[in-house]
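> Just need the structure, nothing else, for what follows:
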Amino acid sequence: MKSKYSNTPIIITAICAITAVIIGSVLIFAFSDRLFSGATEEDSSWVCGFAQTFGYRAELEEAREEAHEELREETPEAVAEALRFEQFLDGLFADWVTADAITMNFFLAYPELMGIERPDASFGDVTSPNLSDVEALWEEGRADVEMFLSFDYSLLRRDQQIIHAIIQRDIDLNEIMNSVTESVFFTGYIRPLNGIQIQLPILLAEFSFYTTDDIGRYLDLLEDTIRYFDDIIAFERGRAAHGFFMSDANLDSVIDHLESFLENREDNLLITVFTDRINAHEELTDAERDSYIQRNRELVLTNVLVAYENLLSAMRELRGSAVHSSGIASMPGGENIALAMLRQRTGTDRSAEQLILLYEEWMDRVLADVVSALLRDPDIFSAIEDGVSVGVGDGTAESFMIILREMMAQDFPEIEPISHVILEVHENLQDHMSPAFYLMPAIDNFDNNIIYINPPRINDELFLFTVMAHEGYPGHMYQAVYFRQQNPHPIRTMLANLGYIEGWATYVEMLSYSWAGIDPVLAEFMWNVRFYDLLVQSYIDLGVNLLGWDHSVVTEVMAGLNLADAEIIYSIYNLVTGIPLFTIPYSLGFIEMYELLNHAQDRLQDDFVLLEFHRFILDIGPTPFTIIASHMETWMRMQ
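From the prediction side, this is the model:
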């Protein structure tokens, strides 16, 4: 299974079944054994002709936008309402960012300047396994909902109207997701690939030391690890007691990571990374450095690793406790809840049936393009077999970042200069993490950006080049910094839509192939291979979590796609049940973003300018696609 998260191709088997008669068995064996490196490619002319517009179900949002497209009159009532809404948002943001010390440190460097008090050095609260406590917590949130409903949308500024629409949509979807109290157990804190047990070491290793006080806060935070993990264990036991714990197959992956992490004690990354950072801290004396390093070592060994040992023991005890270990649709009220979850994460308003048909059409089209390319030039297969070297840069991630920023300049608006560093994932975590990821910087300190790459999961230059496009320029880093340089309300950070964020990054990942200095035909082929894998994983994810497909149905569906490899089926099924709806924001986000592009091109014709389209998308920021579509109608009338 190849995607951004793994390197084995699933399109290979499907192509082999179709092309065996023409191309021959030698190619088939080589095809099926190759670990795909791929990522993306393309120039804007190929982009323009790739897909048709499927349309948007945004009539209500469009009508609302048209009703307010004229400049709002600055009446005293409008000024007062805008100020009242701003104060409401300020309060919501302060409540969110002070929930725990990690959230505070990652999103605000200097909260005092915003009048926000720092929270205690704690990882924050864990959802209670007691369902009556969950219901009481939901009831507490109704006061904020009632306050929100009191605002007059028509009196708000345009930027506030966008925020209002996002919050209203979230409220409506949360009503569905909270309709079944047990839904809190449908997903847990502990998951393969992206559970807190994997994320926490990275979050701690990147805890920012803006001042020496932050070092003390960090060390105090480590003392809370056992309590935090004990609360997570209690929640996971509650999941198990209600029958919603993960399958043994996914549990094996979790246990494997925990055992691997615990093998490294004195050389644990939380000891080695902290030591390096403290030794490089110029404001400390030698005595202070020694004291901090010694205290950190003791806390890692006696708190952090003990917490992980407790978690490992609990996970072993919970083996075999899964009852509802398939998709969310198989759980009580699961079909409606899964669709609401998907809509919240991706920003689409399509139905489950529409999504299935959408993915089938895209898979057919992309697979046909791949097979056509192979029939025209069977030798193109060697790109998958041997890997692809790019024709720009010197093969390093940093050189690719420089090239990407140069190549994107014509079609993307500029941002003010920023700094970044590219780090490698620690060897303790390499087997359990994605090929790369971007760490969002603090809202008030976004000039300093960090991208992690995971070398064992990046197997050729082309993959590295497009990964850097996805994570850096013009992907996550560029998009995040651009939006923050527009000075939006900080609450937009907590309202960020994953479909937009990953859709944008996947869209520019596709574009990056035209900048890699390789043959355009090869570039298109490699993108299609990469995207087909992502489409198939997302298609199965939809079937399992929205329609209730079990393993036997997945096997039949995969066979219909000429994918009968039991190992591939097993891997995908575990992924979509272990991390429901995980890949869909990437693929569906791309499709929705791409269709916005096509819609604008079809409407504007000769007046369409790619730079201005990108500027519109970047200016509106992470927003559900139905809301973007309604605002785009106004934007197109102004072109």
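> residues near residue 121, how many?
Neighbour count of residue 121, defined by other C-beta atoms under 10 Å: 19. Using the backbone N, CA and C atoms, a C-beta is placed for each residue, glycine as well.
> my guess is it is in a strand, correct?
No. Counting by DSSP: H, G, I helix; E, B strand; the rest coil, residue 121 is not found in a strand; it is coil.
> when you give positions from now on, start the count at 297
Will do, 297 is the new start, and the previous item becomes residue 417.
> Quick one: residues contacting it.
Counting by C-beta atoms under 8 Å, 6 or more residues apart in numbering, residue 417 makes contact with 397, 513-514, 516-517, 519-520.
> switch the cut-off to 6 Å
Shown in contact with residue 417 (C-beta atoms under 6 Å, 6 or more residues apart in numbering): 397, 513, 516-517.
> ok, of those residues, which come out buried?
The neighbour count (16 or more other C-beta atoms under 10 Å) marks 397, 513, 517 as buried among the contacts of residue 417.
> What about these, which are in helices?
Using DSSP state H, the members of the buried ones among the contacts of residue 417 that fall within helices are 397, 513, 517.
> In CSV: the contacts of residue 417, plus pLDDT and distance to residue 778.
As requested, these are exported to CSV (pLDDT from 0 to 100; distance: C-beta to C-beta, whole Å):
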residue, pLDDT, distance to residue 778
397, 96, 28
513, 96, 30
516, 97, 35
517, 97, 31
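> Taking those together, which two end up most distant?
Maximum pairwise distance in the contacts of residue 417, criterion C-beta to C-beta, is 8.1 Å, between 397 and 516.
> from the contacts of residue 417, which single one is nearest residue 497?
For the contacts of residue 417, the nearest to residue 497 is residue 517 (13.1 Å; C-beta to C-beta).
> Tell me how many other residues crowd residue 916.
19.
> for residue 776, that is, sorry about that
21.
> related to what we said a few turns ago, how about TSV for the ones in helices among the buried ones among the contacts of residue 417, with distance to residue 802 added?
Below are these laid out as TSV (distance: C-beta to C-beta, whole Å):
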residue	distance to residue 802
397	32
513	36
517	34
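> average pLDDT for stretch 755-774?
Taken as a whole, stretch 755-774 has an average pLDDT of 95.
> and residue 669, how many neighbours?
Residue 669: 20 neighbours (other C-beta under 10 Å).
> How about it, nearest residue that isn't a chain neighbour?
Nearest residue to residue 669, sequence neighbours excluded (C-beta to C-beta, 6 or more residues apart in numbering): residue 821, at 4.6 Å.
> Regarding that neighbour, what is its secondary structure?
Under three-state DSSP, residue 821 comes out as helix.
> ok, it to residue 454 distance?
From residue 821 across to residue 454, the span is 43 Å (C-beta to C-beta, to the nearest Å).
> Do you know the pLDDT at residue 697?
For residue 697, the pLDDT comes out at 97.
> any idea which helix or strand of this structure has the worst average confidence?
Ranking every helix and strand in the chain by mean pLDDT, DSSP states H and E puts helix 321-329 at the bottom, with a mean of 22.
> Residue 617 - how many residues pack around it?
The number of residues packed near residue 617 is 19, by other C-beta under 10 Å.
> Identify the residue nearest residue 767 in space, chain neighbours excluded?
Of all residues not flanking residue 767 in the chain, residue 734 sits nearest, at 4.5 Å (C-beta to C-beta, 6+ apart).
> The one you found belongs to a strand, doesn't it?
Yes. Under three-state DSSP, residue 734 sits within a strand.
> Any idea what it is bridged to?
Counting by DSSP bridges, residue 734 is bridged to residue 747.
> That one and residue 556: what is the separation?
On the measure of C-beta to C-beta, residue 734 and residue 556 end up 24 Å apart.
> Find the nearest non-adjacent residue to residue 373, please.
residue 451 (6.0 Å).
> Can you report how many residues lie near the one you found?
So residue 451, with other C-beta under 10 Å, has 20 neighbours.
> Would you check that it makes contact with residue 372?
No. With contact defined as C-beta atoms under 6 Å, residue 451 does not count as touching residue 372 (10.3 Å).
> more crowded one of residue 821 and residue 454?
Higher neighbour count among residue 821 and residue 454: residue 821, with 25 against 13, using other C-beta under 10 Å.
> Could you give me the buried positions within the helix or strand containing residue 680?
Residue 680 is part of helix 678-682 when elements are defined by DSSP states H and E. Buried residues in helix 678-682, counted by 16+ other C-beta under 10 Å: 679-680.
> Going by neighbour count, list what's buried in the very next helix or strand once past that helix.
Downstream of helix 678-682, the first helix or strand assigned by DSSP H and E is helix 693-704. The neighbour-count check on helix 693-704 (16+ other C-beta under 10 Å) flags 693, 696-697, 699-701, 703-704 as buried.
> distance of residue 678 from residue 818?
Noted for residue 678: a distance of 10 Å to residue 818, by C-beta to C-beta.
> what are the ranges of the helices in the stretch 347-496 of the chain?
Taking DSSP state H, counting those that start in this stretch, the helices of the stretch 347-496 of the chain run over residues 355-363, 372-393, 397-403, 427-436, 438-445, 454-473, 492-501.
> Comparing those helices, which comes out most buried?
helix 397-403 (a mean of 21; mean count of other C-beta atoms under 10 Å).
> list the helices and strands that helix packs on?
In terms of contacts (3 or more C-beta pairs under 6 Å, 6 or more residues apart in numbering; DSSP states H and E), helix 397-403 is packed against helix 372-393.
> and the helix it packs on with helix 454-473, angle?
Put simply, helix 372-393 runs at 50 degrees to helix 454-473, going by axes from the mean of the first three to the mean of the last three C-alpha atoms, to 10 degrees.
> Compute the inter-axis angle for helix 372-393 and helix 438-445.
Using the same axes, to 10 degrees: helix 372-393 against helix 438-445 is 150 degrees.
> What lies in contact with helix 372-393?
Here helix 372-393 makes contact (C-beta under 6 Å, 6+ apart) with 368, 399-400, 403-404, 412, 447-448, 451-453, 456, 785-787, 790.
> mean confidence score for it?
Computed over helix 372-393, the average pLDDT equals 95.
> do stretch 850-861 as well
So the average pLDDT for stretch 850-861 ends up being 93.
> Please apply the same query to stretch 429-444.
Mean pLDDT, computed over stretch 429-444, is 87.
> how long is it from one end to the other?
For stretch 429-444, the first-to-last residue distance is 24 Å (C-alpha to C-alpha, to the nearest Å).
> Show me the shaky parts of the chain.
Residues of the chain meeting the criterion pLDDT under 70: 297-369.
> domain ranges for it?
Domain ranges of the chain: 307-349+638-885, 492-613, per automatic domain parsing.
> would JSON lines of these with distance to residue 473 be doable?
Putting the domains of the chain into JSON lines (distance: least, C-beta to C-beta, whole Å) gives the following:
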{"stretch": "domain 307-349+638-885", "distance to residue 473": "8"}
{"stretch": "domain 492-613", "distance to residue 473": "15"}
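> from these, which stretch is densest packed?
Per residue and on average, the most neighbours among those fall to domain 307-349+638-885, with a mean of 20 (mean count of other C-beta under 10 Å).
> Might you calculate how far it sits from the centre of the chain?
12 Å (C-alpha atoms, centre = their mean, to the nearest Å).
> tell me the SS of residue 713?
Per three-state DSSP, residue 713 ends up coil.
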